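Asker: Only the shape, not the letters, is given here:
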């Protein structure tokens, strides 16, 4: 469903496009950070006579249409939208100290994995990079070509987008760390699917990394920052797997985006090695030799996130055990804050696991239209293997969520232990204060006789101080009167058994009458109107 008010952008639709709130590097609250609901209609786009969907290009006689991507392939993407999505910045500010490296691996038609030399795209050498990539856009006799892009530069972004006709949504989701999953260009010969998944992983603590999730006087708990596990010198960080899979009867390509923050993110070289290693296993070889569906390669990427989750929760469980041991021996304010931070991260991890589960379900229900060219037997077998593998992933996610809940219960137990320790300390302090007040009261009582004598001899009455008008009788009558009034008011305001909770002040002042009726076991009546 197209949105005519936003230059033809797409509305979210179940199993086609799902966007979430940006996790990092993006703060706008719109469904997509590059779309503002208050934007005006682009008059230049309305006046353009170019077709909304340009015909496919063979990249031989176009004169380098990739240089004008995304406008050349997706005219609905205006300049403002390209700038909001950070694609403009990536295209125009790409000459980094590190070159863009594209690691490659091929899955042959027999299911075997083969390594291919990487492509190194240096600054000011774009034409050579384009010529190398253009020769292998649709490689023959290769089931899947996997590209692992590290330090994505602007020209490489444009080359990939134009070569494989990739909608800019993939790059904008990757650059802004926005979890997403959607299907594009769904035709009989194939389709495009994108999966951007935020997951948790454990890594050694970086000495130079000053980011922390501990709150201060001006900030809240930052659940996007690394969670420091001081008990084992580890930290839990958020990582991103952003994959675009082109499924086509003439060849399949899977592109993996890797951000520049290699200190906390999975590098392209590492994931390239891990995918090749997994592809050599007996388990995956049995699948690849049985089914030609390239979606199983995507599942290997998803399994990488699964293993990272497992290791991270194990380290978190050990850390909470260490915190519990510390709570037994001491309970200070810093420890209480650390427990609160871990608890906040736990709640965030719950939402990430739920998003993980939805991603697996999306892969399961989004069938490959290119599989229609194979026999019924192959399609049935591939569909069975896909359901089985996705079911295994969902079972593992359920196990992780159960482990997280166990860790959460253990964390609650530790926090209750902290609160109990604090309560005991406060009770002990109150007992000490009570003893001190008792000592003060005893000292005061020691001086009461002398104070009483001083008060008597200081009275201005005729019997003690001749010449005054007051007498002992005056003093006694006044003191008894004020004492009776005080007792009357105290009983009226403090009685809990004679009156209901919301009794009026006038009713309370009639407590002698109420008390008399109560003694005679007669119904209580108001002594006077309220």
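Answerer: Yep, it's here. Small disclaimer: the values here were computed from a predicted structure and weren't measured.
Asker: From here on, just use CA atoms for contacts and neighbour counts.
Answerer: Will do.
Asker: that's a helix at residue 416, yeah?
Answerer: Yes. Under DSSP: H, G, I helix; E, B strand; the rest coil, residue 416 sits within a helix.
Asker: Just give me the neighbour total for it.
Answerer: Residues lying near residue 416 (other C-alpha atoms under 10 Å) number 12.
Asker: measure it to residue 339 for me?
Answerer: Noted for residue 416: a distance of 11 Å to residue 339, by C-alpha to C-alpha, to the nearest Å.
Asker: Next: residue 304.
Answerer: Relative to residue 339, residue 304 is positioned 29 Å away (C-alpha to C-alpha).
Asker: Counting neighbours, go ahead and name the busier of those two.
Answerer: Set side by side, residue 304 and residue 339 show more neighbours around residue 339, with 19 against 16, by other C-alpha under 10 Å.
Asker: what residues are up against that one?
Answerer: 411, 415 (C-alpha atoms under 8 Å, 6 or more residues apart in numbering).
Asker: Secondary structure element holding it?
Answerer: The secondary structure element spanning residue 339 is helix 333-365 (assigned by DSSP states H and E).
Asker: what separates that helix from the chain centre, distance-wise?
Answerer: On the basis of C-alpha atoms, centre = their mean, to the nearest Å, helix 333-365 is displaced by 6 Å from the centre of the chain it belongs to.
Asker: Kindly report the same for stretch 311-318.
Answerer: 18 Å.
Asker: in that stretch, what's buried?
Answerer: Taking 16 or more other C-alpha atoms under 10 Å as the basis for neighbour counts, the residues of stretch 311-318 that come out buried are 312, 313, 315, 316, 317.
Asker: what about residue 427, which SS state?
Answerer: Using three-state DSSP, the three-state assignment for residue 427 comes out as helix.
Asker: who's residue 239 bridged to?
Answerer: The bridge-partner assignment for residue 239, based on DSSP bridges, gives residue 199.
Asker: Tell me the predicted confidence for it.
Answerer: pLDDT, the model's per-residue confidence, is 92 for residue 239.
Asker: So what's the residue count around it?
Answerer: Here the neighbour count serves as a burial measure; for residue 239 (other C-alpha under 10 Å) it reads 22.
Asker: I figured it hits residue 258, correct?
Answerer: No. In this structure residue 239 lies outside contact range of residue 258 using C-alpha atoms under 8 Å: 9.7 Å.
Asker: what's the neighbour count on residue 299?
Answerer: For residue 299, the neighbour count with other C-alpha under 10 Å is 17.
Asker: Doesn't it lie inside a helix?
Answerer: Yes. Note on residue 299: a helix contains this position according to three-state DSSP.
Asker: Looks like residue 112 contacts residue 281 (just checking).
Answerer: No. Counting by C-alpha under 8 Å, no contact exists between residue 112 and residue 281, whose distance comes to 10.2 Å.
Asker: ok, these two, which is more surrounded?
Answerer: Comparing residue 112 with residue 281 by neighbour count (other C-alpha under 10 Å), the higher total belongs to residue 112, at 17 against 10.
Asker: Phi, psi for residue 59 please.
Answerer: The phi and psi torsions at residue 59 (degrees, to the nearest 10) take the values phi 60, psi 30.
Asker: what's the nearest residue to it if we skip its chain neighbours?
Answerer: When the adjacent residues along the chain are set aside, residue 59 lies closest to residue 65, with 7.2 Å between them (C-alpha to C-alpha, 6 or more residues apart in numbering).
Asker: The one you found contacts residue 72, correct?
Answerer: Yes. The pair residue 65 and residue 72 passes the contact test of C-alpha under 8 Å, sitting 6.2 Å apart.
Asker: Give me the more crowded residue out of these two.
Answerer: residue 65 (20 against 17).
Asker: Now do the contacts for that one.
Answerer: Residues near residue 65 by C-alpha under 8 Å, 6+ apart: 59, 72, 162.
Asker: And the strands in this structure?
Answerer: Using DSSP state E, the strands of the chain run over 2-3, 9-10, 17-19, 100-108, 113-121, 142-150, 180-187, 190-204, 227-229, 234-248, 252-258.
Asker: Including distance to residue 484, could those go into JSON lines?
Answerer: What follows is the strands of the chain, written out as JSON lines (distance: least, C-alpha to C-alpha, whole Å):
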{"stretch": "strand 2-3", "distance to residue 484": "82"}
{"stretch": "strand 9-10", "distance to residue 484": "82"}
{"stretch": "strand 17-19", "distance to residue 484": "75"}
{"stretch": "strand 100-108", "distance to residue 484": "93"}
{"stretch": "strand 113-121", "distance to residue 484": "98"}
{"stretch": "strand 142-150", "distance to residue 484": "89"}
{"stretch": "strand 180-187", "distance to residue 484": "78"}
{"stretch": "strand 190-204", "distance to residue 484": "73"}
{"stretch": "strand 227-229", "distance to residue 484": "66"}
{"stretch": "strand 234-248", "distance to residue 484": "70"}
{"stretch": "strand 252-258", "distance to residue 484": "85"}
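Asker: Show me the one of those strands that comes nearest residue 483.
Answerer: strand 227-229 (64.9 Å; C-alpha to C-alpha).
Asker: Now do that closest one: distance to the chain's middle.
Answerer: Taking C-alpha atoms, centre = their mean, one finds strand 227-229 lying 15 Å from the centre of the chain it belongs to.
Asker: before we move on, what about stretch 286-295?
Answerer: Going by C-alpha atoms, centre = their mean, where stretch 286-295 is centred and where its chain is centred differ by 34 Å.
Asker: Straight-line length of that stretch, end to end?
Answerer: According to C-alpha to C-alpha, stretch 286-295 extends 15 Å from its N-terminal end residue to its C-terminal end residue.
Asker: Residues touching that stretch, excluding its own?
Answerer: Counting by C-alpha under 8 Å, 6+ apart, stretch 286-295 makes contact with 109-112, 143-144, 245, 247, 252, 296, 368, 371, 378, 381-382, 385, all of which sit outside it.
Asker: of the contacts of residue 65, closest to residue 425?
Answerer: Out of these, the member with the shortest distance to residue 425 (by C-alpha to C-alpha) is residue 162, at 67.7 Å.
Asker: My guess is the closest one contacts residue 73. True?
Answerer: Yes. Look at residue 162 against residue 73 with C-alpha under 8 Å: they come within range, at 6.8 Å.
Asker: show me where pLDDT drops low in the chain?
Answerer: Within the chain, the set of residues satisfying pLDDT under 70 comprises 1-45, 48-51, 94-97, 135-140, 206-220, 260-264, 328-333, 421-422, 495-498, 521-530.
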